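>>> please work out how this folds:
(one chain, ligands or ions: 2)
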Amino acid sequence: MSTTITEAISTHGLTPSLRVIQNGFGAEITGLDFSNGVTDVGYRFIEDAVKRHGFAVVRKTKLDDETHLELAKKFGDLDDVTPYNTAGRVHRLKYNELFDVGNIDIDGSIVDLSSPRGEANKGNSLFHTDSSFNPRRAGYSLLLAHELPPLGTGGSTAFADMRAAYRDLDPEFKNFLHEKNFIARHSLLHSKKMAAPECFRDVEPSDHFMSRHWLLQVHERTGIPTIYLAKHIHSLEGVSSEESQSILDRLFDHATQDQYVINVQWNDPGDMIVWDNTCTMHRAVSGEFVTKYRRDMRRATVHDDSSLAWGLNEKSNKRMGLP
Ligand code: OGA
Ligand code: MN
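Ligands and ions are numbered 1, 2, ... in the order given. The predicted model follows:
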């Protein structure tokens, strides 16, 4: 299939190439840009790469806000920030379907780390999947770089391969997890509190909505089993909080070992990463840039359309927070 797509794109004068990054995980695509518009073949090339390899870094896409959204809509229905705009926060970007995940304030200055937004941003540096805390989780995310800090000051994004992590689980532990078939409870407040305990010390996540998803899942697009893990997970149902914590710690220690993790360097504005939240985790890698240099990153978030999209949650339009 990918040969056909490559041929189809070549006939349009482009010759994209794909390099698998590590152990079958992650693809780096070069030679695919959208300066002449967003095409179905371009979309299919990326979608196929993400399906096989969990995420794809597309270099020098030449996308802007409009074409970014046009491409994202080919992946499915988009989430938007409207629930948060009403909570007193002013959206800096032109489109509500673009999540503003960099470190830039509404006036163009760098977000103060001790401001509410600065504190809330810290949660992004924990391994997570997008929107697992909402009733309907995210499927794909498309993150486009608009402005990057100087090289060597931080700001890369790391990914973990959850299909490989599942495959390599210790067989006894794997059996135990299957026997228990745990339901995990996800909360945005929980991960924010973990990342900024002082700021959220008066918040008790269990007083608020928690989204429920099976811990072990089959990745529907490929039929490959995976672990739906994220630092948004507050607890596993059916065991004591101590046992829950020790199982989660063991899973995180296992899944974030070097052989499953790739740290992606952003090279140029226009670079984009597309990932599948249902078989990977990711995190923002911080660094000295956070207080010094602007990092303008905009994310289109595609609602999951698989049969596991809503987990065990009631279907509702409720959404829990940013980003
Ligand atoms: C996101 C995210 C990481 C980063 O956009 O969902 O987690 O490196 N971003 O900005
Ligand atoms: Mn994220």
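>>> all contacts plus neighbour counts: C-alpha atoms, from now on.
Will do.
>>> from His190, how far out is the residue of the chain found nearest ligand 1?
When scored by CA to the nearest ligand atom, the chain has Ala284 as its residue closest to ligand 1, at 3.5 Å. Computed with CA to CA, to the nearest Å, the distance linking Ala284 and His190 is 17 Å.
>>> do Val38 as well
When Val38 is compared with His190 (using CA to CA), they lie 38 Å apart.
>>> neighbour count: those two, which is higher?
A side-by-side neighbour count of Val38 and His190, using other CA atoms under 10 Å, places His190 first with 25 against 18.
>>> what's the closest non-adjacent residue to that one?
Pro205 (5.5 Å; CA to CA, 6 or more residues apart in numbering).
>>> next, count neighbours for that neighbour.
Pro205 has 18 nearby residues by other CA under 10 Å.
>>> which residues touch it?
187, 189-190 (CA atoms under 8 Å, 6 or more residues apart in numbering).
>>> can we see that at 10 Å?
186-193, 234 (CA atoms under 10 Å, 6 or more residues apart in numbering).
>>> distance of the nearest residue to Leu113 once chain neighbours are set aside from Trp275?
Of all residues not flanking Leu113 in the chain, Glu119 sits nearest, at 5.9 Å (CA to CA, 6+ apart). Plainly put, Glu119 is 25 Å away from Trp275 if you go by CA to CA.
>>> need phi/psi at the closest residue to Cys279 other than its chain neighbours.
Nearest non-adjacent residue to Cys279, counting by CA to CA, 6+ apart: Met162, 5.4 Å away. Backbone geometry at Met162, expressed as degrees, to the nearest 10, gives phi -80, psi -20.
>>> re earlier: so Glu119 and Trp275 - more neighbours on which side?
Neighbour totals were compared for Glu119 and Trp275, and Trp275 leads with 28 against 20 (other CA under 10 Å).
>>> my guess is the more buried one contacts Ala158. True?
No: taking contacts as CA atoms under 10 Å, Trp275 lies outside contact range of Ala158: 11.2 Å.
>>> identify the contacts common to the two.
281-282.
>>> related to what we said a few turns ago, and the residue nearest to Cys279, how far from Ile21?
In terms of CA to CA, Met162 sits 16 Å off from Ile21.
>>> of these two, who's got more company?
Met162 (26 against 15).
>>> would you mind listing what in the stretch 101-250 of the chain touches ligand 1?
Residues of the stretch 101-250 of the chain that fall close to ligand 1, judged by CA under 6 Å from any ligand atom: 101, 124, 130, 143, 156-157.
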